[in-house]
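*Asks:* Structure for this input, please:
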Amino acid sequence: MAGTVRVDHAVSSGTFSLDGETHQVDNNLWVVGDDTECVVIDAPHSVDDVMALVGDRAVKAIVLTHAHDDHCRVAPALRERVAAPIMLHPDERPLWELTHGGPDDADGYLWDLDLADGAVVEVAGTRLEVLHTPGHSPGAVCLHAPDLGCVFSGDTLFQGGPGATGRSYSDADVIVESIRTRLLALPDDTVVHTGHGPDTSIGAERAGVSHGDSTT
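*Replies:* Numbers count the residues shown, from 1 in each chain. Just a heads-up that it's a prediction; the model follows:
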């Protein structure tokens, strides 16, 4: 038997660079699956860190919540290791190309499959529902796993409120609207697995959506 679907977590450390600034950051790694197969959410700093969570399971997809370099940097190398497609919302292309180049770059490459609002990624008998939540970046998405009672929020929502919007390709009004219309529609007891820092819940964050701005 493959076993019960579960969420595995670790932290990977490295840098985040945008608009001429570089910061040291700790990124959460999330892997959803059972003993046989899994999906990797984001690929920040180290393929080995991701593989320590994956183990010998088959990876069905590498799903990126957005294309800031601290979430997608090792995605191509991870793709080579596990032979799984990279999935990303197409509105993230300008940010992706800052790290990985594009079709006009001889060494550039794109992701494999586009994510779309309402799409479903299936793994180990459960569903990850794609919620397009722009604001932190144009194509940012969250992944809702209703069977598991959780949502993977990337950098859209943290403990304490919305993700950062003070950089290129971000918009504070848009992120607040995304959270209000997409995330706050989820049950209050939904666990929020964030891109950085501790878990929270939808209910706990209702009061913090109208203010606050994280650094990542």
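
*Asks:* burial count for A140?
*Replies:* 32 (other CB atoms under 10 Å). For glycine as for every other residue, the C-beta is placed from the backbone atoms N, C-alpha and C.

*Asks:* Which pLDDT value does the model give V209?
*Replies:* We have a pLDDT of 69 for V209.

*Asks:* Also G212?
*Replies:* 46.

*Asks:* Also the one 3 residues further on?
*Replies:* Predicted confidence (pLDDT) at T215: the value is 50.

*Asks:* quick one: the strands in the chain?
*Replies:* Secondary structure of the chain (DSSP state E): strands at 6-18, 21-33, 37-41, 58-63, 86-88, 113-114, 120-123, 126-132, 141-145, 150-154, 157-158, 161-162, 191-194, 200-201.

*Asks:* and those as CSV, adding mean neighbour count?
*Replies:* Below are these laid out as CSV (neighbours: other CB atoms under 10 Å):
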stretch, mean neighbour count
strand 6-18, 16
strand 21-33, 18
strand 37-41, 25
strand 58-63, 22
strand 86-88, 24
strand 113-114, 14
strand 120-123, 16
strand 126-132, 19
strand 141-145, 26
strand 150-154, 27
strand 157-158, 28
strand 161-162, 23
strand 191-194, 22
strand 200-201, 19
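
*Asks:* Could you export those to TSV, including columns for distance to Y169 and mean pLDDT?
*Replies:* Compiled in TSV, the strands of the chain are given as follows (distance: least, CB to CB, whole Å; pLDDT from 0 to 100):
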stretch	distance to Y169	mean pLDDT
strand 6-18	9	98
strand 21-33	14	98
strand 37-41	21	98
strand 58-63	20	98
strand 86-88	14	98
strand 113-114	18	98
strand 120-123	24	98
strand 126-132	15	98
strand 141-145	14	98
strand 150-154	14	98
strand 157-158	18	98
strand 161-162	15	96
strand 191-194	20	98
strand 200-201	25	98
